[in-house]
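> What shape does this take:
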Amino acid sequence: MFNIDKLLSELLYDPANPVLFNSGFFFYFFALFILCYLLASNNKRARVIIYTVFSLYFFYKACGYYVGLVILSAIVDYNLSHWIHRTPSKSTKKTLLVTSIILNIGLLFYFKYTNFFIGIVNDLTAGHIPFLNLILPIGISFYTFENLSYTIDVYREEIEPVNDFMDYLFFLSFFPKLMMGPIVRAADFIPQISQPYRLSSEDIGKGMYLIIAGLFKKIVISDFIYQNFVQYIFDDPSKHTGLECLVGVYGYALVIYCDFSGYSDMALGIARWTGFKIPPNFDSPYQSSNITEFWRRWHISLSSWLRDYLYIPLGGNRKGKVRQYINLALTMLIGGFWHGASWNFIFWGAMHGGALALDKVRIDALKKRKAVFAGWKAALFKVIGILITFHFVCFCWVFFKASTFHDAWSLLHQIAYDFQPEIAMDLYNGYTAVFWVMIMGFILHFLPSKAEFSMETILGRLPVAGSIAVLVIFVWLLVQVKSTQPMIPIYFQF
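The predicted structure is shown next:
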């Protein structure tokens, strides 16, 4: 009886232990899923049902009965898209689209921003409106944007609505990307559903590389640096010297990149093994030589979504330079607010929006002067650009990570006024392993893409037994170094 109770407790949702890609439960879940999926590999309908059922269960294990919101969202937008498509009247189409936007944004707003605005009203009016006891459903920001892009694309007549509701529910609930993205568009995903399930050696090698790289980035680099150094710095910056705080900021830059891109890599790898290609979400963003390039490489699915469904509809660059700069700033301000109900996120978005606008001024000035650099000058300017961009991004990460503005300014104050470089050796001796993991992380980040391609090719040439052996050995090594308690991914909160 005890064993049955224990099994049931493992199978039911546990708020204290949501399912993660790097949790022990996930390996059993994924093994059973793959077995069932392979058995149904020749039947499209069966594949869709199995994938959808496992996806909804995965989401249930992550956030309990909030899984119902995914199903409800799918029902609403599936029907609205068909009404938009069938309706000849432009005004009716627009009304239905606005309905979809209001319902989706309204649901997101209710769970994510209600208490934030209650706090603002209380501060402005000295009121005492009680906060609501709301829990943010995991992944709601991601599948809300997927729903919106779908109905908007149908309205624009860029795609036709999906005929089979199960296909749409499958698209929306697809578990590899459900909770932390990437934000996948129906136009990219749904046509793949009807394709026969075939795996090439390239798919196997690419999928394995992405899964291994993702787990390595998440567990070996991100979790280790955060749990052994970064969290101590940001818990109370005033207790640490400026040198410690600066290294902590560099560490957090690596933590958030390896955490989020590691999870995205795993999502892409799992999808690849099951016959689906999801666009990449990161492209070595710290190699960027300007802030415009950074946003082409960082959280690509969000930045492209904001460009296509917010920046361009606002007017983009079609209404003059001043309006373009305003549109950029406003888009990034909203992008910051998307991350969470906090003034810190809004400020973070505003800084990036302002930087993007200034960068457009720089680009336009260079075009007018027809300035072209080559040879050593081009290389030098690129290196300088990378250093400036990286440090600006790190400066912004301080406000993204800090719990309050006070904590953010406290950390920056320590760097500016209490640096104490003489403790460098003591700091290194106290955190030697952390320093070397950080160095390894940055070296791997700056490796050329051809090194990644070579590794994918090698893994793709392995026989099935060899692939299984590589995965087993890698997972065993991870078990030896991972912490006893998996660290919740940073973007879970968004």
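> how distant is the longest helix seen in the chain from the center of its chain?
Criterion DSSP state H: the longest helix present in the chain is helix 90-125. For helix 90-125, the separation from the chain centroid amounts to 23 Å (computed by C-alpha atoms, centre = their mean, to the nearest Å).
> With stretch 4-23 instead?
Offset of stretch 4-23 from its chain centre (C-alpha atoms, centre = their mean): 24 Å.
> how many other residues sit next to the nearest residue in space to residue 201 that is not next to it in sequence?
Closest residue in space to residue 201, ignoring its immediate chain neighbours: residue 460 at 4.2 Å, by C-beta to C-beta, 6 or more residues apart in numbering. Just so you know, the C-beta spots here come from the backbone N, C-alpha and C atoms, and that holds for glycine as well. By other C-beta atoms under 10 Å, the residues close to residue 460 number 18.
> close enough to count as contact, residue 248 and residue 226?
No: at 10.1 Å, residue 248 and residue 226 do not qualify as touching, with contact defined as C-beta atoms under 8 Å.
> average pLDDT for stretch 352-369?
Mean per-residue pLDDT for stretch 352-369: 88.
> Now that stretch: buried residues?
By 16 or more other C-beta atoms under 10 Å, the buried positions in stretch 352-369 come out as 352, 353, 354, 355, 356, 357, 359, 360.
> tell me which helix or strand of this protein sits lowest on mean pLDDT?
Within the chain, no helix or strand scores below helix 2-11, which has a mean of 67 by mean pLDDT, DSSP states H and E.
> Name the next helix or strand downstream of it, please.
Using DSSP states H and E, the helix or strand that follows helix 2-11 towards the C-terminus is helix 24-39.
> other SSEs contacting that next one?
Judged by 3 or more C-beta pairs under 8 Å, 6 or more residues apart in numbering; DSSP states H and E, helix 24-39 is in contact with helix 44-63.
> Just the buried positions in the helix it packs on, please.
So for helix 44-63, counting by 16+ other C-beta under 10 Å, buried means 47-52, 54-63.
> residues in contact with stretch 312-321?
Residues from elsewhere that reach stretch 312-321 (C-beta atoms under 8 Å, 6 or more residues apart in numbering): 323, 324, 327, 330, 331, 360, 364.
> do you know how far the residue nearest to residue 201 is from residue 195?
As judged by C-beta to C-beta, to the nearest Å, residue 460 and residue 195 stand 20 Å apart.
> about what we covered before: could you flag which of the contacts of stretch 312-321 are buried?
Buried members of those, counted by 16+ other C-beta under 10 Å: 324, 327, 330, 331, 360.
> Between all of the residues you listed, which two are separated the most?
330 and 360 (13.7 Å; C-beta to C-beta).
> Next secondary structure after the longest helix of the chain?
Following helix 90-125 in sequence, per DSSP H and E, is helix 140-155.
> Please give the centre-to-centre distance between that following helix and its chain.
For helix 140-155, the distance to the chain centre is 16 Å (C-alpha atoms, centre = their mean).
> Check which helices and strands it is in contact with.
By 3+ C-beta pairs under 8 Å, 6+ apart, helix 140-155 packs against helix 67-86, helix 90-125, helix 165-173, helix 175-178, helix 186-193, helix 300-306.
> just the angle between the second one and helix 140-155, please?
Taking axes from the mean of the first three to the mean of the last three C-alpha atoms, to 10 degrees, helix 90-125 and helix 140-155 form an angle of 150 degrees between their directions.
> The first one too?
Orientation note: helix 67-86 sits at an angle of 10 degrees relative to helix 140-155 (the same axes, to 10 degrees).
> tell me the angle helix 67-86 makes with helix 44-63.
In terms of direction (the same axes, to 10 degrees), helix 67-86 departs from helix 44-63 by 130 degrees.
> quick one: buried residues of helix 67-86?
Residues of helix 67-86 classed as buried: 67, 69-70, 73-74, 76-78, 80-84 (neighbour count, 16+ other C-beta under 10 Å).
> quick one: which of the residues you listed is nearest residue 114?
Of all those, residue 114 sits closest to residue 69, with 15.2 Å by C-beta to C-beta.
> Quick check: closest non-adjacent residue to that closest one.
residue 137 (5.6 Å).
> what's around the one you found, how many residues?
Look at residue 137: counted by other C-beta under 10 Å, it has 24 neighbours.
> who's in contact with it?
Applying C-beta under 8 Å, 6+ apart, the residues near residue 137 are 63, 66, 69, 111.
> distance of the closest residue to the first one other than its chain neighbours from residue 112?
With sequence-adjacent residues excluded and distances taken as C-beta to C-beta, 6+ apart, residue 63 is closest to residue 138, at 4.3 Å. The gap separating residue 138 from residue 112 is 12 Å, by C-beta to C-beta.
> next one: residue 391
31 Å.
> likewise residue 103?
Applying C-beta to C-beta to residue 103 and residue 112 gives a distance of 15 Å.
> ok so, going back, for the residue nearest to residue 69, what are phi and psi?
Main-chain torsions, residue 137, degrees, to the nearest 10: phi -60, psi 130.
> And it, how far from residue 335?
20 Å.
> Which one of the contacts of stretch 312-321 is nearest to residue 258?
Distance to residue 258, by C-beta to C-beta, is smallest for residue 331 among the contacts of stretch 312-321, at 26.5 Å.
> what's stretch 213-226 in contact with?
By C-beta under 8 Å, 6+ apart, the list of residues contacting stretch 213-226 from outside reads 21-22, 251-252, 254-256, 258-259, 261-267, 269, 433-434, 437-438, 440-441, 474-475, 478, 481-483, 486-487, 489.
> Quick one: buried ones out of the residues you listed?
Buried among these (16+ other C-beta under 10 Å): 21-22, 251-252, 254-256, 258-259, 261-267, 269, 434, 437-438, 441, 478, 482, 486-487, 489.
> Inside helices: which ones of these?
251-252, 254-256, 258-259, 261-267, 269, 434, 437-438, 441, 478.
> re earlier: and the residue nearest to residue 63, how many neighbours does it have?
By the criterion of other C-beta under 10 Å, residue 138 has 24 neighbours.
> From here on, call the first residue 45.
Got it, first residue is 45 now, which makes that one residue 182.
> quick one: buried residues of stretch 354-369?
For stretch 354-369, the buried set under the neighbour-count rule, 16+ other C-beta under 10 Å, comprises 354, 355, 358, 360, 368, 369.
> As a markdown table, the residues you listed with distance to residue 255 and secondary structure would be great.
Output for the buried residues of stretch 354-369, formatted as a markdown table (distance: C-beta to C-beta, whole Å; DSSP: H, G, I helix; E, B strand; the rest coil):
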| residue | distance to residue 255 | secondary structure |
| --- | --- | --- |
| 354 | 33 | helix |
| 355 | 33 | helix |
| 358 | 38 | coil |
| 360 | 37 | coil |
| 368 | 41 | helix |
| 369 | 41 | helix |
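> quick one: which of the residues you listed is nearest to residue 332?
Nearest to residue 332 among those, counting by C-beta to C-beta, is residue 355 at 18.8 Å.
> Can you tell me the closest non-neighbouring residue to residue 333?
residue 429 (3.2 Å).
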